[in-house]
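# Sequence and predicted structure are below.
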Amino acid sequence: MFGKPVFLITDVLIFALVFIIIAFFVYAMGKPHLRQPWRQVVRSKAGVISMMVLLLYIGIAILDSIHFHPKLENSKEGTQYSGEIHSVFDRMVLEIKNSTEKTYSAPFAAYLFAKETVQLEDGIKQREYPRLVWGGKHLNDPATEKNADIFNLAVIGAIKAVVVWFALTLLLILILSFRSKSTFSNVVKSVFRGESEIPWRTASITLAILLLIIFIGSEWATKYHVLGTDKVGEDVLYQALKSIRTGVVIGTLTTLLMLPFAIVLGIMAGYFRGWIDDVIQYLYTTLNSIPGVLLIAAAVLMLNVYMGKHAEEFASLTQRADLRLLFLCLILGLTSWTGLCRLLRAETLKLREVDFVQAASAFGVGPTQTIFRHILPNMMHIVLITLVLDFSGLVLAEAVLSYINIGVDPTMNSWGNMINSARLEMAREPVVWWSLAASLFFMFTLVLFANLFADVVRDALDPRIAKQ
Amino acid sequence: MSNNDISDRKQPLLRVENLSIVFETGQRKVTAVDNISFEIQEGETFALVGESGSGKSISALSVIRLLPEAARISSGSIYFCNQDLLTLPEREMRDVRGSGISMIFQEPMTSLNPVVKVGRQISEVLIRHKNMSKSQARQRALDLLDAVNIKNPSHTIDTFAHELSGGMKQRVMIAIALACEPKLLIADEPTTALDVTIQARVLDLINELQEKFKMAILFITHDLAVVKQVADHVAVMKQGKIVEQSSNEIFFSSPQHEYSWDLFAALPAMEKRGRPLLARNGSLVSQKSVSHNQQDSLKVDDLKVHFPIKKGIFKRTVGHVKAVDGVSLEIPPGKTVALVGESGSGKTTVGKGILRLVQPTSGEVHYLGLPIHKIDKQQLLEQRTNLQIVFQDPYSSMNPRMLVGDIIEEGMKALNVVSDSSERKEKVLELLEQVGLSRDAHLRYPHEFSGGQRQRICIARALAVNPKIIICDEPTSALDVSVQAQILDLLNDLQARFGISYLFITHNMSVVAYFADRVAVMYQGKIVEQGEVEQVLKDPQHEYTKRLLAAVPKLVPPERVEVRAEL
């Protein structure tokens, strides 16, 4: 459609993860004991709100993970493809992506942030703030027109948002009334009085807020740099949005990569005990006593050396950055599996003495079957809770690691890199605050809602809480 | 009811009037206690009897206002010394708790703080309520420990809870409860978690202390024999209502309510041998004459199971825990052998050792001419169809993530008893019917069933592989009496139909008297006495057996002659 598709390694892993999650939900729908806790998640207000916000983030990350080489438009014979790699999301925000300025400009500014020597028409050279190439270029006199224009754009955005919200809510109510086989007005009543089992009213209000932010934001973004531009004139909003994928990839893939280690080793240690348990325990206590940052720094430096020596193996900068991202996930995973492994070992030790496992061995059921049928399913709640709880911690870890230059590739957009470059901007006079503010806001929202979601999931899945 | 003999007495110590308690979870309201009234006079013992979930504990907790958060008192009033407890401010209520009313709980293991020394836990109450100084409180704590018959109070006062045995802990709990000489002691199943011999001693102690301190006791229990022994007045609770209330003598000679009769009927006893507990007028189907020869017996010879104690980094074995230390048994075909003993006597380990769920240290197990203790894996797998086990706790013995049908099928599949899958499914349905459950149960999860139903599923699972011997490890001790009766009836019925032998591990002597053919008494890893049930129970030889039997509270169920004639 747009060009030749490219599959980066992290793309493949992300789609594998999405597939696993969908497969799990389809499987869980058929099993009452698995469906029950997730119903509880959907019934809680905090659960619904955080799920919607997280879905928005994940949606952007997924759109940003479909990569391709764009078609070159002015090619003559056949179709030719550019060497660059774009994503579907890039294509959607192409206008902002290409709207580079010369250097810093403040949010909603029409002028550059730094003075330049400009030659006027009459040949006189003068130092002044030049107009921006793209931001607010449709205005004749920014000083008088800008505020009114911003307001008008907001109104247009709000109207679009309300129309879309109304359509979606109507659709929802129609589906609900069709499924519950009650009249339209009854469903409207139960939804808007907040009496429905799933808090649809909360969902609808959240939807309204999200739509307002999206539509007003995108109206503004077509005319202005909503969050300003950075040192080389790139739009900060675009950077912050692109960073979502980096954050989500690190938050999810790291756990996914460490899970096999933690599960296999944890269960083996707990189930077989004896020397196997000893070896595994020594392994993770040793690993745990090496400072994590040191291990990560060493691994990343090693990778840098390798990539420097084999530069020809990487077709593009994007691929190179992607490999580094994957490597970071791997090494973060390698240092963080020990906690979960310990939990699972303890749980296995407990489960293997439980009567139903004893009953299975009285039937001569072998260890493999016992583990897969009796032990693993009974500790999936621990795995899920850890997965969700770790997510926000890993997003924050990326920011810290990038800040000390051992995180993701400097060419890759990430909140950590934005914060890292903001270090110098904060020292300027007047201060350039928008890069830092933008990355903090986006990261804060993701982590906050991920934590809220983790709380709800833990309440639903933890048997000790669920029993009460 | 016997209201007339209460009315001319003096003002009662505790008066509960029309008390109702509801549990509110989300939108659902469940009435846990439904309009109950009772009175307790000074110095008397009032027993609340009922099965689990009948609301007896909740009623008691409401008296000291320690209800769980979800519970709410919807109506009624509670007067203690003519003071309305439900309208009392929390600050004054705190003074009532401890010095006016105090409570002992069922589980002595979790009721004591494990990181605070016993002495401080007792003196804490005294300092709080009686304004004693530390040294005064300590002196009084020593007196109290002496009063609850702890042998060496000056040593015990400086120990932590884990250093004490179950009976000692319960004594310490009683000492704490008595510290401020309360007028009313609430005892919530104080002896349920204890062994019979210890139960007898604790009950004696409570009795003795009641006379000494002149206090009233609200005694909550499910055990009618204990009630008979301690109570002056009895109230029977069922589904939140008090269905019958009368004095001890009247209740145990001629109970009025149908439910009380049912409770008595469900009690196993020597006199009821050979007929089912629940079905009236019934008798057990006479056993098919299966020809057994001596070869078919399971013989256990000098079985020993020792667990090594390992210490240090190199895990050197420094000693052994002799869980089972030389046990010899014989289980004849079609018979029930009971293995009786207190907790920690090693009876469960014997069961697991026979099945080789625990590897025996030494000794021999022979069955059908095979040495079970040393056959290889393949032969053992074949023998697993003959030897099965049913566990004590019906809640942990089934995988909560599997369907009941899959649970029952698992053994058949693993041991390849029925290889065809549709035949296997048919057998599962058949088994469910045999144990008295509906056929559609196979598509449900274990948590949807009650304790008794779960135990039926466990029995069905064991039956699935057509075993000749089932080891029943306390299969009824987690169940109510009426459910216990159902399970015992079921086991009896299955034995009559299929000629299965049971090794019935239990601590309940009345179950042994009703159910077993032979009995072996176990004490500290050894069998001290074994023989025919009648002989052992009526004429015990060993010192320990005598002690054990003496400790069991006696209860002869009232004969229901004229009432049955009416029916």
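All right, it came through fine.
# Enumerate the residues of chain A near chain B.
Within chain A, the positions adjacent to chain B are A:31-33, A:354-356, A:358-366, A:369, A:373-374, A:377-378 by CB under 8 Å from any CB of the partner chain. Just so you know, the C-beta spots here come from the backbone N, C-alpha and C atoms, and that holds for glycine as well.
# Correct me if wrong, but residue B:310 is in a helix.
No. With DSSP: H, G, I helix; E, B strand; the rest coil as the criterion, residue B:310 is strand rather than part of a helix.
# can you count the residues close to whatever residue of the stretch 101-250 of chain B ends up closest to chain A?
Per CB to the nearest CB, residue B:110 is where the stretch 101-250 of chain B lies closest to chain A, at 14.8 Å. When neighbours are counted by other CB atoms under 10 Å in any protein chain shown, residue B:110 registers 12.
# what sits against it?
Residue B:110 sits next to no residue when contact means CB atoms under 8 Å, 6 or more residues apart in numbering or on different chains.
# follow-up on the earlier one: among the residues of chain A next to chain B, which ones are buried?
Among the residues of chain A next to chain B, the ones that count as buried by 16 or more other CB atoms under 10 Å in any protein chain shown are A:33, A:354-356, A:358-365, A:373-374, A:377-378.
# Select, from these, the two members most distant in space.
A:33 and A:364 (26.2 Å; CB to CB).
# Mind telling me which residue of the stretch 101-250 of chain A is nearest chain B?
Closest point on the stretch 101-250 of chain A to chain B, by CB to the nearest CB, is residue A:197, at 9.8 Å.
# out of the residues of chain A next to chain B, which are inside helices?
A:32-33, A:355-356, A:358-362, A:369 (DSSP state H).
# Adding pLDDT, write those out as TSV.
Shown next, in TSV, are those (pLDDT from 0 to 100):
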residue	pLDDT
A:32	74
A:33	72
A:355	88
A:356	91
A:358	88
A:359	89
A:360	90
A:361	87
A:362	87
A:369	89
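# Return the member of those residues nearest to residue A:290.
Of all those, residue A:369 has the smallest distance to residue A:290: 36.9 Å, by CB to CB.
# separation between that closest one and residue B:413?
Distance, residue A:369 to residue B:413, using CB to CB, to the nearest Å: 9 Å.
# Also residue B:444?
19 Å.
# Need the nearest residue in space to the closest residue to chain A within the stretch 251-400 of chain B, chain neighbours excluded.
The nearest approach of the stretch 251-400 of chain B to chain A comes at residue B:397, 3.7 Å away (CB to the nearest CB). Leaving aside its sequence neighbours, residue B:397 sits nearest to residue A:355 (CB to CB, 6 or more residues apart in numbering or on different chains; 3.7 Å).
# Whatever helix or strand residue B:546 lives in - contacts with which helices or strands?
Assigned by DSSP states H and E, residue B:546 falls within helix B:543-551. With contacts taken as 3 or more CB pairs under 8 Å, 6 or more residues apart in numbering or on different chains; DSSP states H and E, helix B:543-551 sits against helix B:196-213, strand B:518-523, strand B:526-532.
# and the ones you listed as JSON lines, adding distance to chain A and mean pLDDT?
What follows is the helices and strands packed on helix B:543-551, written out as JSON lines (distance: least, CB to the nearest CB, whole Å; pLDDT from 0 to 100):
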{"stretch": "helix B:196-213", "distance to chain A": "24", "mean pLDDT": "86"}
{"stretch": "strand B:518-523", "distance to chain A": "20", "mean pLDDT": "92"}
{"stretch": "strand B:526-532", "distance to chain A": "23", "mean pLDDT": "91"}
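# Just say which of these is most tucked in.
strand B:518-523 (a mean of 24; mean count of other CB atoms under 10 Å in any protein chain shown).
# neighbouring contacts of it?
Defining contact as CB under 8 Å, 6+ apart, one finds that strand B:518-523 is touched by B:327, B:329, B:332, B:335-342, B:345-347, B:350, B:512, B:527-533, B:536-537, B:542, B:544-545, B:548.
# and that strand with helix B:543-551, angle?
100 degrees (axes from the mean of the first three to the mean of the last three CA atoms, to 10 degrees).
# which parts of stretch A:378-392 are buried?
A:378-379, A:381-392.
# what sits against the residue of the stretch 251-400 of chain B closest to chain A?
A:355-356, A:359, B:390-391, B:454, B:458.
# Next: residue A:241.
Residue A:241 neighbours (CB under 8 Å, 6+ apart): A:60, A:89, A:93, A:442.
# Show only the entries of those residues found in helices.
For the contacts of residue A:241, secondary structure assignment (DSSP H) places A:60, A:89, A:442 in helices.
# Surely the first one touches residue A:88?
No. Taking CB atoms under 8 Å as the definition, residue A:60 is not a contact partner of residue A:88, at 10.3 Å.
# quick one: which of the two has more around it?
Between residue A:60 and residue A:88, residue A:60 has the larger neighbour count (other CB under 10 Å), namely 18 against 15.
# so who does that one touch?
A:89, A:241, A:244-245.
# repeat that with 10 Å
A:89, A:92-93, A:241-242, A:244-245, A:248 (CB atoms under 10 Å, 6 or more residues apart in numbering or on different chains).
# Repeat that for residue A:440.
With CB under 10 Å, 6+ apart, residue A:440 has these contacts: A:240, A:399, A:415, A:418-419, A:422.
# Looking at these, spot the one nearest chain B.
For the contacts of residue A:440, the nearest to chain B is residue A:399 (38.3 Å; CB to the nearest CB).
# Give me the helices and strands touching the helix or strand that that closest one is a member of, please.
For residue A:399, the host element (DSSP H and E) is helix A:380-403. With contacts taken as 3 or more CB pairs under 10 Å, 6 or more residues apart in numbering or on different chains; DSSP states H and E, helix A:380-403 sits against helix A:32-43, helix A:236-272, helix A:292-309, helix A:317-351, helix A:415-425, helix A:434-461, helix A:463-466.
# From the chain's centroid, how far away is it?
11 Å (CA atoms, centre = their mean, to the nearest Å).
# Give the other helices and strands that the lengthiest helix in chain A contacts.
Within chain A, and with DSSP H defining each element, the longest helix by residue count is helix A:142-180. Applying 3+ CB pairs under 10 Å, 6+ apart, we find helix A:142-180 packed against helix A:184-192, helix A:200-221.
# Out of these, the one nearest residue A:47 is which?
Nearest of these (CB to CB): helix A:200-221, 9.5 Å.
# what angle separates that closest one from helix A:142-180?
Between the axes of helix A:200-221 and helix A:142-180, defined by the same axes, to 10 degrees, the angle is 150 degrees.
# Now helix A:200-221 - C-alpha only, PDB.
What follows is helix A:200-221, C-alpha atoms only, in PDB (Å, rounded to 0.1, in the frame of the first residue of the first chain):
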ATOM      1  CA  TRP A 200     -20.200   2.200  31.000                       C
ATOM      2  CA  ARG A 201     -20.900   5.700  32.200                       C
ATOM      3  CA  THR A 202     -17.300   5.900  33.400                       C
ATOM      4  CA  ALA A 203     -16.100   4.400  30.100                       C
ATOM      5  CA  SER A 204     -18.100   7.000  28.100                       C
ATOM      6  CA  ILE A 205     -16.800   9.900  30.100                       C
ATOM      7  CA  THR A 206     -13.200   8.700  29.700                       C
ATOM      8  CA  LEU A 207     -13.800   8.300  26.000                       C
ATOM      9  CA  ALA A 208     -15.100  11.800  25.800                       C
ATOM     10  CA  ILE A 209     -12.000  13.200  27.500                       C
ATOM     11  CA  LEU A 210      -9.600  11.200  25.400                       C
ATOM     12  CA  LEU A 211     -11.400  12.200  22.200                       C
ATOM     13  CA  LEU A 212     -11.300  15.900  23.200                       C
ATOM     14  CA  ILE A 213      -7.600  15.600  23.800                       C
ATOM     15  CA  ILE A 214      -7.000  13.800  20.600                       C
ATOM     16  CA  PHE A 215      -9.100  16.000  18.300                       C
ATOM     17  CA  ILE A 216      -8.200  19.400  19.700                       C
ATOM     18  CA  GLY A 217      -4.500  18.300  19.800                       C
ATOM     19  CA  SER A 218      -4.500  17.200  16.200                       C
ATOM     20  CA  GLU A 219      -6.400  20.400  15.100                       C
ATOM     21  CA  TRP A 220      -3.700  22.400  16.800                       C
ATOM     22  CA  ALA A 221      -0.900  20.200  15.600                       C
END
